[in-house]
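> only geometry, no sequence info:
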Ligand SMILES: O=c1[nH]c(=O)c2[nH]c(=O)[nH]c2[nH]1
């Protein structure tokens, strides 16, 4: 037999462990008289213990069952409410670390399922329903909070996922490398469409208003993509638009340390009408026109911006 498959006992070391419950779905209703407020979350918990005996020798005596972890999510939500996904994650981390001395690390991941109050009426006299909501899955709000036992405060990462946007003006892409591989002409006026995933990490400080910060980052992304409501804002490339959005987010939310974003370039190419000889259809982007959405391939543009350490 070949040496590499002989039945010798390998010398091994357990290089990493964690265990928990994923897909813990919860809806919490808070009632202020007839006016109800809801939060729906999908939570995942992960614990790392200070022993490995559960893995190595089958001794379960230190295991906090994943079923118990799930129960803790419901009990803390009932007792303390859900202020924001980030605050609730911090609460859960804190609970696991303070209740169980042998828990060394907690990772809580949450995705929020977004509902808006049902409303009727004109914009100026909009009326909002007391207790009926409409699902608004136009993006996903997510967070990952990691707390190591010996750290004073956890690492809080917040994110927005699947934010799909499109604009029909103020996007160009010109002056890129012109060599034997290039077929793409300069595009002075193109469709710009992308599905944004963005994550940002906060400084390790308490009392951050996570809801407000999240809204500001979302606003920075949308504003740097779309610009002024009437005139828009020019985009010379996906790269530059991504950078300006991240830069404004760091300027406007001092508690954010670092921000990263992926903007796939979902291509929409002008349909080529030039082959239809007898139809006299203009084949330019001027005036009304028709585009071909291209599913694949798409460009993938990524950028991460860190705040420079202060010189103080
Ligand atoms: O904004 C863009 N950036 C690129 O890097 C690129 N590459 C490409 O083919 N089209 C585009 N558009």
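Sure, I can see it. None of the values given here were measured: they were computed from a predicted structure. Residues are numbered from 1 along each chain as shown.
> from here on, contacts and neighbour counts on C-alpha atoms
Fine.
> Is stretch 212-232 positioned near the ligand?
No - on the criterion Cα under 6 Å from any ligand atom, stretch 212-232 is out of touch with the ligand, staying 12.2 Å away.
> Just give me the neighbour total for the residue of the stretch 151-300 of the chain found nearest the ligand.
For the stretch 151-300 of the chain, the residue closest to the ligand is residue 237, as judged by Cα to the nearest ligand atom, at 3.4 Å. When counting by other Cα atoms under 10 Å, one arrives at 15 neighbours for residue 237.
> What are the phi and psi values at the closest residue to it other than its chain neighbours?
Leaving aside its chain neighbours, residue 237 sits nearest to residue 173 (5.6 Å; criterion: Cα to Cα, 6 or more residues apart in numbering). Phi and psi for residue 173, reported as degrees, to the nearest 10, are phi -150, psi 100.
> thought residue 173 was touching residue 239?
No - between residue 173 and residue 239 there is no contact under Cα atoms under 8 Å: 10.4 Å.
> list residues touching both of these two?
Residues touching both residue 173 and residue 239 (Cα atoms under 8 Å, 6 or more residues apart in numbering): there are none.
> re the thing from before, may I ask you to confirm that the residue of the stretch 151-300 of the chain closest to the ligand is in contact with residue 172?
Yes - contact criterion Cα under 8 Å: residue 237 and residue 172 qualify, at 6.5 Å.
> which stretch of helix or strand covers the spatially closest residue to residue 30 that is not a sequence neighbour?
In space, and not counting its chain neighbours, residue 30 is closest to residue 37: 5.0 Å by Cα to Cα, 6+ apart. Using DSSP states H and E, residue 37 maps to strand 35-49.
> so how far is that strand off the chain centroid?
Averaging C-alpha positions (Cα atoms, centre = their mean, to the nearest Å) puts strand 35-49 16 Å from its chain's average.
> Just give me the neighbour total for residue 310.
5.
> Quick check on it: phi, psi?
Torsion angles, degrees, to the nearest 10, at residue 310: phi -70, psi 150.
> Which neighbours in the sheet does the strand or helix carrying residue 141 have, and how are they oriented?
Assigned by DSSP H and E, residue 141 falls within strand 140-148. Counting by DSSP bridges, the strands paired with strand 140-148 are strand 103-113 (antiparallel), strand 155-167 (antiparallel).
> I'd like to know how many residues surround the residue nearest to residue 30.
The burial count for residue 37: 17, using other Cα under 10 Å.
> can you offset everything so residue one is 29?
With 29 as the first residue, the last one maps to residue 65.
> hang on, it packs against residue 110?
No - counting by Cα under 8 Å, residue 65 sits too far from residue 110 to count as a contact (10.6 Å).
> outside of the helix of greatest length in the chain, which residues touch it?
As assigned by DSSP state H, the longest helix anywhere in the chain is helix 238-254. The contact list for helix 238-254 (Cα under 8 Å, 6+ apart) reads 112, 114-115, 186-188, 195, 260-261, 263, 269-270, 272-274, 276-277, 280-281.
> if you set the cut-off to 7 Å instead, what comes out?
Helix 238-254 is contacted by residues 112, 114, 260-261, 269, 272-273, 276-277, 281 when judged by Cα atoms under 7 Å, 6 or more residues apart in numbering.
> Same check on stretch 163-172?
113-114, 135-140, 142-144, 184-191.
> in stretch 119-128, what counts as buried?
119-122, 124-125 (16 or more other Cα atoms under 10 Å).
> Could you point out which of the residues you listed is nearest to residue 88?
When the buried residues of stretch 119-128 are compared for distance to residue 88 (Cα to Cα), residue 124 wins out at 17.5 Å.
> Could you look up the SS state of that closest one?
Three-state assignment for residue 124 (DSSP: H, G, I helix; E, B strand; the rest coil): helix.
> average pLDDT for the helix or strand where residue 329 lies?
Here residue 329 is covered by strand 327-334, with elements defined by DSSP H and E. In this model, strand 327-334 has an average pLDDT of 98.
> Perfect, that will be all.
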